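1. Predicted coordinates and the sequence they were generated for:
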Amino acid sequence: MQGPEPTEMILIRHAPVAEPGLLAGRSDLPARLPEPRALGAARQMLAGWGADPGRLVVSPALRCRETAAALFPGTTPPADPRLWEQDFGAWDGRPMAAMPDLGPQDRAALATLRPPGGESFLDAAGRIAPALDAMTAAPGIVTLVVHAGTIRAALGQALGTPEAGLAFEIAPLSATRIRLFPDGSRGIAFVNRALT
C-alpha cells in the first residue's frame, strides 16, 4: 500500500532587479522581466511541475509581485511579510562593489554576521521557517515567488542546518523544489533550475 503523497514547495526567485549591481534586500526595486516568449516557456515548465496558482504566495517586494503576475497572469496572490529577503540594514541598496571586504569566513560565521541595523542570515531563517511550515501544513503543492535568501533558508531547513543553505547559488528566475514527507523529513528534488 502506498503512503500519502508528500507536500511540495516550488520556490521561484524573482526576475532580476531593474537596477543590477545593488544589494537589494529590503530595497523595493522593480523587476526586469523577460520577453513574452520566455515567460510563456516558463509558464509551461511550471505547469508541468504542478505549480498551482491557487496555492501561490509571494514576498511583498515589488520584484516578487511583478514576477508572480508575469508567471501566473490573472492572479492576485497573498503576500506574506515573513518571506522578505534578509534585511541588510545600512548595506541595503548599496552597489555590490562598495560592500565591505569581510575576509575569509566559513558558513557558520557568515550566517551570524549582522550588518549594521539589519539582521543576520540566521535571524532571517528564523523568521522564514515558521512561515514555510504554516504554508506547507496542507498536502499538495505550494508555489512561492520569493528571494534568494528565502530559498536558501528553505534549503537550510531541509538540510537540518540553517547555515547549510548559504552553500547554494540561487539565480534570478530559477526554481527550487523541496518535498516534505509525513514523518517530517524533507527532500530536495532540484535547486536553481532556470525558468528562462
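-> Looks like it arrived, so ask away.
2. Give me the spatial nearest neighbour of Gly89, chain neighbours excluded.
-> Nearest non-adjacent residue to Gly89, counting by CB to CB, 6 or more residues apart in numbering: Gly118, 2.6 Å away. In this view, the C-beta of every residue, glycine as well, is placed from N, C-alpha and C.
3. Could I get the contacting residues of the one you found?
-> Residues counted as contacts of Gly118 (CB atoms under 8 Å, 6 or more residues apart in numbering) are Gly25, Gln86, Asp87, Phe88, Gly89, Ala90, Trp91, Asp92.
4. Of the residues you listed, just the buried ones, PyMOL syntax please.
-> Here is the PyMOL command that picks out the buried ones among the contacts of Gly118, judged by 16 or more other CB atoms under 10 Å:
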select buried, resi 25+86+87+88+91+92
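5. which pair in the contacts of Gly118 spans the largest distance?
-> Gln86 and Ala90 (13.2 Å; CB to CB).
6. distance between stretch 151-160 and the chain's centre?
-> On the basis of CA atoms, centre = their mean, to the nearest Å, stretch 151-160 sits 10 Å off its chain's mean C-alpha point.
7. Could you number the chain from 42 rather than 1 from now on?
-> Fine by me, first position is 42 from now on; the one you just mentioned is stretch 192-201.
8. Show me which residues of it are buried.
-> The neighbour-count check on stretch 192-201 (16+ other CB under 10 Å) flags Ile192, Arg193, Ala194, Ala195, Leu196, Gly197, Gln198, Ala199 as buried.
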